[in-house]
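# From the sequence below, what's the structure:
(one chain, ligands or ions: 1)
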Amino acid sequence: MADDILIVDDEADIRLLIQGILEDEGYSVRTAAESVTALEEIRARRPNLVVLDIWLTNSQVDGLELLRILQREHPGLPVVMISGHGTIETAVEAIKDGAYDFIEKPFKADRLLLIVQRAIEAARLRQENAELRLRGTTEDELIGRCSAIQQLRQGLLRVAPTGSRVLITGPAGAGKEVAARQLHQSSKRANGPFVVLNCATMHPERIEQELFGVEQGANGHDSVSKIGTFERAHGGTLLLDEVADMPLETQGKIVRVLQDQSFTRVGGSRSVEVDVRVIAATNRDLSDLIGEGRFREDLFYRLNVVPLHVPSLRERRDDIPALVEHFLRRSAESAGLAGRQLGHDALTALQTYEWPGNVRQLRNVIDWLLIMAPGAAEEPIRAEHLPPDVSSSAPPVLQGSGAAEIMALPLRQAREQFERQYLEAQVTRFGGNISRTAAFVGMERSALHRKLRSLGINSGDR
Ligand SMILES: Nc1ncnc2c1ncn2[C@@H]1O[C@H](COP(=O)(O)OP(=O)(O)OP(=O)(O)O)[C@@H](O)[C@H]1O
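Numbering: from 1, shown residues only. Prediction:
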């Protein structure tokens, strides 16, 4: 997606010159000769960058004043100043007032392009960092090698370049946002913004302001007091997270935006044109909600062009060791703590746990362990060090009380009890796959089957 640049200069030949240079590089360019038109253009749709002449003749306000208005009305919008009669003092003043940089006429095309590219990049990074701070850290990389994740990864790669809409389903914390982010990264819009709107945490009355922005009449002019997520996502991807929680009325408006690729801001009348790829995510069954009249069928079909599913963590226990290793490394690095290893018992306990909160919960457990687990950095973390809710649901053989119980029994029963607990834990850990359990425990597949039957363990051979 081409970045959108507005050139504001009173000299027509300079506007044409800059426009030519930028368009040759693939930018999409709009121009304005004075401040009123410039503000109109910016209010019609926020550009990615403004190239602004310091001296504007026949203009309501000059370049420096316009810069101040932009800083007030459109914070975060990068501005590169141009001057023909530039003095260092004017440049310094513009930069103090928030301009990204300054270029003096006559300038070389290379220098203009370099500054423009850097300014857009810097603004994008700033926006991404602000969003990450707001929502906590997140990943770009979908960790996991199990077949469901490999299938998901292939699906993402196949659909990414097509620009098609995608509906990502899966339980809370399973990685739907990570998948959406990866889709964006592999698409042609990768250099554009990736914006997330969580429809569940948003007050129903505020959701439209968030999505479409707000325009208010001030001094007889319309002025934009808030840029919405649709506009911020122009040229990129918008993830509507927890889309099932979107109020019905807003759903109707989204249908229209998807149809027209344009909308009006709350309180405004002019139409804002955008080019946004919409991805939706949900942990609910939208067909049920359609049946109950709580989700619009037309929106469902528009969003669900390509459905992708992220499995729960308990359906892919095989991926737990790789996820644990990844989070141990990442969390230790970012907290400045020494890295730790997990003992086999702790890892098995994690692999047999049900994970109602999925990968998000696993990540929290790892953060907790790095701070709370006793012992020196080089000592492995044991099952008994896991947080109480995880360790208390671990198979008894991995809990301190398991050993005490076994010691109270005669050998035959003790052996049987141990075998039952040990094998139950291993079968769960390998997701019920008997061949892999047999390989790990060192038994023939058929012998393991017999053993499980004799111990009354339901393997449900998957
Ligand atoms: N496959 C994965 N690889 C690496 N990290 C992951 C993976 N899946 C999830 N995570 C991490 O788990 C946490 C939750 O993931 P994410 O926000 O994508 O889940 P979600 O399905 O969108 O959740 P919700 O429905 O609650 O919004 C994040 O911190 C994310 O970085």
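
# for the helix or strand containing residue 19, which positions count as buried?
Per DSSP states H and E: residue 19 is located in helix 12-24. For helix 12-24, the neighbour count (16 or more other CB atoms under 10 Å) marks 14-15, 17-19, 21-22 as buried. For every residue, glycine as well, the C-beta is placed using N, CA and C.

# mind listing the strands for the stretch 101-250 of the chain?
With DSSP state E, counting those that start in this stretch, the ranges of strands along the stretch 101-250 of the chain come out as 101-104, 166-169, 194-198, 214-218, 221-226, 237-241.

# which outside residues touch the second one?
To tie it back to what came earlier, the one meant is strand 166-169. 159, 176, 179-180, 183, 243, 279-283, 286, 303-310 (CB atoms under 8 Å, 6 or more residues apart in numbering).

# restrict those residues to contacts with the ligand.
Subset of the contacts of strand 166-169 in contact with the ligand: 176, 281, 283, counting by CB under 6 Å from any ligand atom.

# Just give me the closest of those residues to the ligand.
The ligand has its nearest neighbour among these in residue 176, at 3.4 Å by CB to the nearest ligand atom.

# Not counting sequence-adjacent ones, nearest residue to that closest one?
Closest residue in space to residue 176, ignoring its immediate chain neighbours: residue 281 at 4.1 Å, by CB to CB, 6 or more residues apart in numbering.

# so the one you found bridges to which residues?
Under the criterion DSSP bridges, residue 281 forms beta bridges with residue 168.

# And residue 53, by the same measure?
residue 82.

# Check the gap between it and residue 83 for me.
Computed with CB to CB, to the nearest Å, the distance linking residue 53 and residue 83 is 7 Å.

# which one of those two has more residues nearby?
residue 53 (25 against 18; other CB atoms under 10 Å).

# what pLDDT does the one residue in the chain that gets nearest to the ligand get?
Residue nearest to the ligand within the chain: residue 175 (2.6 Å; CB to the nearest ligand atom). pLDDT recorded at residue 175 is 94.

# ok, now which ones touch it?
Here residue 175 is in contact with 142, 310, 358-359 (CB under 8 Å, 6+ apart).

# Next: residue 198.
Contact analysis of residue 198 by CB under 8 Å, 6+ apart lists 241-242.

# Roughly how far does it sit from residue 156?
Using CB to CB, residue 198 is found at 21 Å from residue 156.

# List, one by one, the residues from the chain near the ligand.
Within reach of the ligand by CB under 6 Å from any ligand atom, the chain has these residues: 138-139, 142-144, 170, 172-178, 241, 281, 283, 359-360, 363.

# re the thing from before, after the helix holding residue 19, which helix or strand is next? Please name it.
Following helix 12-24 in sequence order, the next helix or strand is strand 28-32 (DSSP H and E).

# For the very next helix or strand once past that next one, C-alpha coordinates in CSV please.
The helix or strand immediately downstream of strand 28-32 is helix 35-44, counting by DSSP H and E. C-alpha atoms of helix 35-44 as CSV (Å, rounded to 0.1, in the frame of the first residue of the first chain):
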residue,chain,number,x,y,z
SER,A,35,-3.8,26.4,4.6
VAL,A,36,-7.6,26.1,4.3
THR,A,37,-7.4,23.6,1.5
ALA,A,38,-4.6,21.8,3.4
LEU,A,39,-6.7,21.4,6.5
GLU,A,40,-9.7,20.3,4.3
GLU,A,41,-7.5,17.6,2.8
ILE,A,42,-6.2,16.4,6.1
ARG,A,43,-9.7,16.3,7.6
ALA,A,44,-11.0,14.4,4.6
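
# Tell me what angle helix 35-44 forms with strand 28-32.
In terms of direction (axes from the mean of the first three to the mean of the last three CA atoms, to 10 degrees), helix 35-44 departs from strand 28-32 by 140 degrees.

# Next, the buried residues of helix 35-44.
Buried, per 16+ other CB under 10 Å, within helix 35-44: 35, 37-39, 41-43.

# Name the surrounding residues that touch it.
Under CB under 8 Å, 6+ apart, the answer for helix 35-44 is 6, 8, 30, 32, 47, 50, 52, 56, 59-62, 65-66, 69-70, 73-74, 77, 215, 222-224, 270, 272-273.

# can you tell me the average pLDDT over it?
Mean pLDDT, helix 35-44: 91.

# Same check on stretch 118-138?
Stretch 118-138 comes out at a mean pLDDT of 72.

# got the contact list for the residue nearest to residue 26 when sequence neighbours are not counted?
What sits nearest to residue 26 in space, not counting adjacent residues and going by CB to CB, 6+ apart, is residue 2, at 5.5 Å. By CB under 8 Å, 6+ apart, residue 2 lies in contact with 26-28, 235.

# Kindly report the same for residue 228.
Per CB under 8 Å, 6+ apart, neighbours of residue 228: 209-214, 265.

# Just want the phi and psi numbers for it.
Per-residue torsions, residue 228: phi -90, psi 170 (degrees, to the nearest 10).

# so how far is residue 291 from it?
Residue 228 sits at a distance of 31 Å from residue 291 (criterion: CB to CB).

# Ok, residue 187 next?
Between residue 187 and residue 291 the computed distance is 33 Å (CB to CB).

# which one of those two has more residues nearby?
Counted by other CB under 10 Å, residue 187 and residue 291 do not tie: residue 187 has more neighbours, with 24 against 11.

# In three-state terms, label residue 409 for me.
Recorded secondary structure, residue 409: coil (DSSP: H, G, I helix; E, B strand; the rest coil).
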